[in-house]
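J.: Have a look at this fold, sequence not included:
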């Protein structure tokens, strides 16, 4: 790196941004499928509390790394916290080793989060772990080297726009304006301390761009650069960062440099669904689901809402079955220790990966639209296709129905043991004979080797000869949102159903076919409806408003009548209309022609 560049504060003349070609750069990333995210900084010292009060409100419901913002901590007082940051138990080797032995192929760490504190030695600002603390070690340097030793790809998260410490840095305005955008807009609208005032462009040029330059030139190959919260960013401002990426031509970037909600010239390589899994994947774009093990990204001592190992494995499988990568986050404490509950779950996921990695590493999206018992991934090599059936609920009948699979199965086996299994075709489906005991209590995997490409009958049901169409909950696509309630299909329950439908912005869709126009009655089977709440019910272009029953009623209850004019493939959609929507559990729908 040119030292004079650092000393003068000027950037190298790199010319226009690199071309968008990405096939070769993304090949390893598509094979990886599973990564480790680390949010860490001085906020871990506060552990979710300020002045004796738990901070559980605000952005992200009080996530640990936003405590400076959510508690409106003055800059000078937060600086005192940062100076006390002394993670003497930090062990880069242990972190990289953890990723390697738990099946994670890459690691991304917050080099600088929105609090403006850098975990690396920076000449652009002395507000960093080497100069501002007694710890005095460069975290990024140590971790980058450890990852290379363990064969783990290394990525950097950098908050380029939001910075609550350096004058001129942007600050989100969501505290005062619930409709405030997460990109663009006025960069200083959310500032709360007079010392934060300053020129945004001067901050970008003298701090953010200089630090990005340092990160791209001091630490060897950087595989991923992860931007975040582009408050105040414009195309012109984004271009100055984009051009720096030419220093690492093979680097992969996400979609948060300028505007993650709308495609643009700076959308990078990957979409970044946060805290939810897209119902049907993201067609035409690579995507990486980032997910916490509990509810926070940065460490919070009192957040014990840990996801179970079963949930994490199934979220990994679900994401890969839709063609995405799963980036699972940990938030170490102020000493550099990974919380024991988090570590236990990662190790358990790793043990599952030891047995079943073949079904995840390098796997592609499922060829099936829906499966009643779990998910599917696939691999194609040498003109052969292997389907990996991830069974969440082991059938008591001793047979697994694979709906719509017409391909000839050359070989079937349990992935865990290699035990061969018998298969038989029945009409348009395939039946797999299974042992009584599931190989794994959480997710068991069956390997089907096919002769050639999979031949699958699309699953888009329509009314039968009597005009009835039953739609079980497993056929629904559940469209959750980031930081909303996460409704899910509970396959393990005695009565499988869509549960935890708490968010009025979560909608359900079923892909169906209507052959005959006419008047139809829609009925629903609820386990716990929201009394008196309303839904918008639509089938194709036709819609109506329906009220839920005031109390649970066994079996099907009428929900609405619709006059359907559209025929052919369409979507049946249920969408709540009222904010007072509460937890609702749905077993099935039935559409009946009158």
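T.: Here it is on my side, so go on. All of these numbers come straight from a predicted model, not from anything done at the bench. Numbers count the residues shown, from 1 in each chain.
J.: tally of neighbours for the closest residue to residue 433 other than its chain neighbours?
T.: Of all residues not flanking residue 433 in the chain, residue 422 sits nearest, at 4.3 Å (C-beta to C-beta, 6 or more residues apart in numbering). Where C-beta positions appear, they are placed from N, C-alpha and C, glycine not excepted. If you count neighbours by other C-beta atoms under 10 Å, residue 422 ends up with 11.
J.: Residue 422 and residue 141, how far apart?
T.: To residue 141, residue 422 is 56 Å away according to C-beta to C-beta, to the nearest Å.
J.: who touches residue 104 in this structure?
T.: Contact analysis of residue 104 by C-beta atoms under 8 Å, 6 or more residues apart in numbering lists 34-36, 152, 328.
J.: Which of those are buried, as a PyMOL select command?
T.: The command below creates a PyMOL selection of those among these that count as buried (16 or more other C-beta atoms under 10 Å):
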select buried, resi 34+35+36+152+328
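J.: Take the contacts of residue 104 and keep only those in strands.
T.: 34-36, 328 (DSSP state E).
J.: Nearest to residue 245 among these?
T.: Distance ranking of these against residue 245, using C-beta to C-beta, places residue 35 first at 19.5 Å.
J.: For the stretch 51-200 of the chain, give me the ranges with low pLDDT.
T.: Nowhere does the stretch 51-200 of the chain drop to pLDDT under 70.
J.: do the chain as well
T.: 1-23, 579.
J.: repeat that for 50
T.: Counting by pLDDT under 50, the chain contains low-confidence residues at 1-9, 13, 15-17, 20-22.
J.: Could you find the closest non-adjacent residue to residue 59?
T.: Nearest in space to residue 59, with sequence neighbours left out and distances taken as C-beta to C-beta, 6+ apart, is residue 66 at 4.8 Å.
J.: Over to residue 359: give its phi and psi.
T.: Geometry field for residue 359 lists phi and psi as phi -90, psi -10, criterion degrees, to the nearest 10.
J.: re the thing from before, tabulate the contacts of residue 104 in a markdown table, adding columns for distance to residue 92.
T.: Written out in a markdown table, the entries for those read as follows (distance: C-beta to C-beta, whole Å):
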| residue | distance to residue 92 |
| --- | --- |
| 34 | 20 |
| 35 | 17 |
| 36 | 13 |
| 152 | 11 |
| 328 | 19 |
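J.: who touches stretch 48-57?
T.: With C-beta under 8 Å, 6+ apart, stretch 48-57 has contacts from 62, 64, 67, 70-71, 73, 296, 299-303.
J.: Now restrict those to buried residues only.
T.: In the contacts of stretch 48-57, burial by neighbour count holds for 62, 64, 67, 70-71, 73, 296, 299-300, 303, counting by 16+ other C-beta under 10 Å.
J.: Residues contacting the helix or strand harbouring residue 96, please?
T.: With elements delineated by DSSP states H and E, residue 96 resides in helix 92-101, which encompasses its position. For helix 92-101, the external contacting residues (C-beta under 8 Å, 6+ apart) are 35-36, 38, 105-107, 139, 142-143, 145-147, 149-152, 338, 343, 346-347, 350.
J.: So what's the residue count around residue 333?
T.: Around residue 333 sit 18 other residues, with neighbours defined as other C-beta under 10 Å.
J.: now stretch 168-177: how far from the chain's centre is it?
T.: 24 Å (C-alpha atoms, centre = their mean, to the nearest Å).
J.: So which residues of the stretch 201-350 of the chain form helices?
T.: Counting by DSSP state H, counting those that start in this stretch, the segments of the stretch 201-350 of the chain that form helices are 209-218, 235-242, 309-321, 340-356.
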